[in-house]
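Peer 1: A structural model of the following input is requested.
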Amino acid sequence: MNKQPPIGVILAQIGTPSEPSATAVRPYLRRFLSDRRIIDYSPLLWQPLLRGIILRTRPRRSAELYRQIWGVDGSPLLTHSLTQQSRLQQLLGNRYQVELGLAYSEPSMEQAVHKLEKSGATRIIIVPLFPQYSSTTTASVYDAAAFAILGRRSARGPASKRFVPALRFMEAYYDEPGYIAAMKDHLKRQLEGMTDKPDYYVLTFHGIPKRYADTGDPYPEQCKETARLLAEAMGWEAAEWQLTFQSRFGREEWVGPATADVLGELAGRGIRRPAIFSPGLVTDCLETLHELAIEGRELFVAGGGQEENFTTFPCLNTEEEWLSFLTHQVEQNAQGWITHTSRPTADHL
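Peer 2: This next block holds a predicted model:
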């Protein structure tokens, strides 16, 4: 009989509105865009702009975009994330307890920590669902997780907890062979079902302001290495693919080249059947289902391409190789906390 308390595992994501309405999008955007990891301008300058203009206009536009990709079970990001949680729990077995923690929406990081502590967990591993480290994503969930576990709202705020569990953060895995292999197997399956194979591949990553990279964020370089390793694993020649960055916001310069610009120019370069994939987004969301699959297609067509020749590949989502990789990573991070004498039995699967 296993008497050891479970090792807590939190799958960490940014978040999603609870429904595709301006009413639900507004508080989500307020929390997201108020995080100084995301927007690092002085609050004295940024908050009046955010509350005075952006939150009056953007929620309505964003809600319409969400409506176009909303599933019967709700937010695609939340639906896939909950399935990832469930499958990872099955693979890890009852020596672990897996929860989902979102930085800016529910289920929140605080709710995830509360569930783990209620079950007796005194050791917790945070698993950011961001293969490449960035201060705008990985560090944001580090902040959310650390404050939730400490029982604080801020570094200077009151502390509501006496006992604080031991905490480990999983490192970026942008170049891990298991992650690259999972993407390779996933893309190979997608290509097997296609009659006319793509003649070009665009590997697109969520962008960040260039200033962030210039001041120490390693994200762009990690994206480049992921793209290089994936292209090498797929056997693509240099002329068959390129890396781009999407989701520009605001007026300052972002890392490039910009995905939107590239997609609009592909047909003019003689590319007829492009395929688009997002290695840095492991869960389908607004950025993949709308910005790429809908807006990206429109840009390709506006540039002279044929709508039916534009392909977007889904994210890893709940692919078995991906979840097996995460299982291995969690077990590696639990070393010293738990003794693995065998793999989970069939009763756990």
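Peer 1: identify the residues contacting the helix or strand encompassing residue 182?
Peer 2: In this structure, residue 182 sits in helix 177-192 according to DSSP states H and E. Residues outside helix 177-192 that contact it (Cβ atoms under 8 Å, 6 or more residues apart in numbering) are 131, 173, 197-198, 226, 229-230, 233-234, 277, 279, 313-314, 316, 319, 321-322, 324-325, 328-329. C-beta: built from backbone N, CA, C; applies to glycine.
Peer 1: and that helix, what's buried?
Peer 2: Buried residues in helix 177-192, defined by neighbour count with 16 or more other Cβ atoms under 10 Å: 178, 179, 180, 181, 182, 183, 184, 185, 186, 187, 190.
Peer 1: closest one of those residues to residue 145?
Peer 2: Relative to residue 145, the closest of the buried residues of helix 177-192 is residue 179; by Cβ to Cβ it sits at 21.1 Å.
Peer 1: which residue is the nearest non-sequential neighbour of the closest one?
Peer 2: residue 173 (5.2 Å; Cβ to Cβ, 6 or more residues apart in numbering).
Peer 1: list the contacts of that neighbour.
Peer 2: By Cβ under 8 Å, 6+ apart, residue 173 lies in contact with 131, 179, 325, 329.
Peer 1: which of these sits closest to residue 112?
Peer 2: If you rank the contacts of residue 173 by distance to residue 112 using Cβ to Cβ, residue 329 comes first, at 18.1 Å.
Peer 1: okay, the closest one: pLDDT?
Peer 2: Residue 329 carries a pLDDT value of 98.
Peer 1: packing partners of the helix or strand where it lies?
Peer 2: Using DSSP H and E, residue 329 sits within helix 320-333. Contacting helix 320-333 under the criterion 3 or more Cβ pairs under 8 Å, 6 or more residues apart in numbering; DSSP states H and E are the following elements: helix 76-92, strand 123-128, helix 177-192.
Peer 1: for the protein, what spans make up the strands?
Peer 2: Under the criterion DSSP state E, the chain contains strands at 7-13, 96-102, 123-128, 166-169, 200-206, 241-246, 274-277, 311-312.
Peer 1: so which of the ones you listed is the most packed in?
Peer 2: Sort the strands of the chain by mean neighbour count, taking mean count of other Cβ atoms under 10 Å, and strand 7-13 sits at the top with a mean of 27.
Peer 1: what lines up beside that one in the sheet?
Peer 2: strand 96-102 (parallel), strand 123-128 (parallel) (DSSP bridges).
Peer 1: how far off helix 76-92 does it point, in degrees?
Peer 2: 160 degrees (axes from the mean of the first three to the mean of the last three Cα atoms, to 10 degrees).
Peer 1: chain center to strand 7-13: distance?
Peer 2: In terms of Cα atoms, centre = their mean, to the nearest Å, the centre of strand 7-13 is set 14 Å apart from its chain centre.
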